[in-house]
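Chemist: Turn this into a structure:
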Amino acid sequence: MMNKTALLPLLLLAGCIGCGPAPVADTSAQDQAAIKALEDRFTAAFNAKDVNAIMALYTPGDNLVVFDAVPPRQYTGWAAYKTDWENTFAAYPGPIEMKLSELDITVGGDVAYSHSIQAGTFTDKSGNKIAMTVRVTDGYKKVNGQWLISHEHVSVPVDFATMKPDMESK
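Modeler: Below is the predicted model of the structure:
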């Protein structure tokens with residue numbers, strides 16, 4: 001007869017055969033839809049010049065890093081980037097319109113990234129309209145079940161022959 005002490009590990013092992021981590025549900029389609037909705041909210045907030053609605057889409061605190069198309073080289077932290085938005089809208093007090101296109105989203109667990117083209121028309125203090133097209137790459141984190149932008153990189157192509165930005169890149 002087998003000793004009870006020796007039997008216990010065998011029973012535990014037999015009970016765990018086939019045990020493994022529970023399968024993880026594929027939520028990538030839902031996550032992509034949630035990020036697309038975030039980008040739609042961004043576009044609406046941008047066109048409304050609603051800085052608070054824009055900033056609600058970014059991770060709070062000092063971990064946010066943004067490489068914007070304008071100096072300085074980077075904005076570190078939520079408060080610094082909020083100031084950038086306030087300054088942008090103050091510099092262009094007239095109507096603004098932005099359209100986001102070519103949005104491509106990749107999700108992997110609680111992180112994701114996207115890239116898009118954002119074309120806009122800005123109206124300066126003199127009423128002049130300025131067209132600008134930028135390339136945007138966003139990094140997202142899922143925080144408390146909600147997707148937020150945690151890193152952003154905004155750029156324009158540069159013509160190296162003239163060293164001038166191509167503000168209306170096609």
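Chemist: ok, residues contacting the helix or strand containing residue 116?
Modeler: Per DSSP states H and E: residue 116 is located in strand 111-123. Residues outside strand 111-123 that contact it (Cβ atoms under 8 Å, 6 or more residues apart in numbering): 31-32, 35, 39, 46, 92-106, 129-142, 147, 168. Yep, even glycine has a C-beta here, placed from its N, CA and C like the rest.
Chemist: Just give me the longest helix of the protein.
Modeler: Longest helix in the chain by number of residues (criterion: DSSP state H): helix 28-47.
Chemist: now the helix or strand that comes right after it, how far from the centre of its chain.
Modeler: Next along the chain after helix 28-47, taking DSSP H and E as the criterion, comes helix 51-55. Its chain's C-alpha centre and that of helix 51-55 lie 14 Å apart, by Cα atoms, centre = their mean, to the nearest Å.
Chemist: Also stretch 55-64?
Modeler: 10 Å.
Chemist: That stretch: which residues count as buried?
Modeler: Judged by neighbour count using 16 or more other Cβ atoms under 10 Å, the buried positions of stretch 55-64 are 55, 57, 58, 59, 64.
Chemist: The closest residue to residue 155 other than its chain neighbours pairs with what?
Modeler: If the residues on either side of it in the chain are set aside, residue 155 comes closest to residue 135, at 5.2 Å by Cβ to Cβ, 6 or more residues apart in numbering. Note on residue 135: beta-bridge partners residue 117, residue 155, judged by DSSP bridges.
Chemist: hang on, residue 135 packs against residue 156?
Modeler: Yes - with contacts counted by Cβ atoms under 8 Å, residue 135 reaches residue 156, the gap being 7.2 Å.
Chemist: Between these two, which contacts overlap?
Modeler: The contact lists of residue 135 and residue 156 share residue 169, where a contact means Cβ under 8 Å, 6+ apart.
Chemist: would you list every one of the helices in the chain?
Modeler: 4-16, 28-47, 51-55, 78-91.
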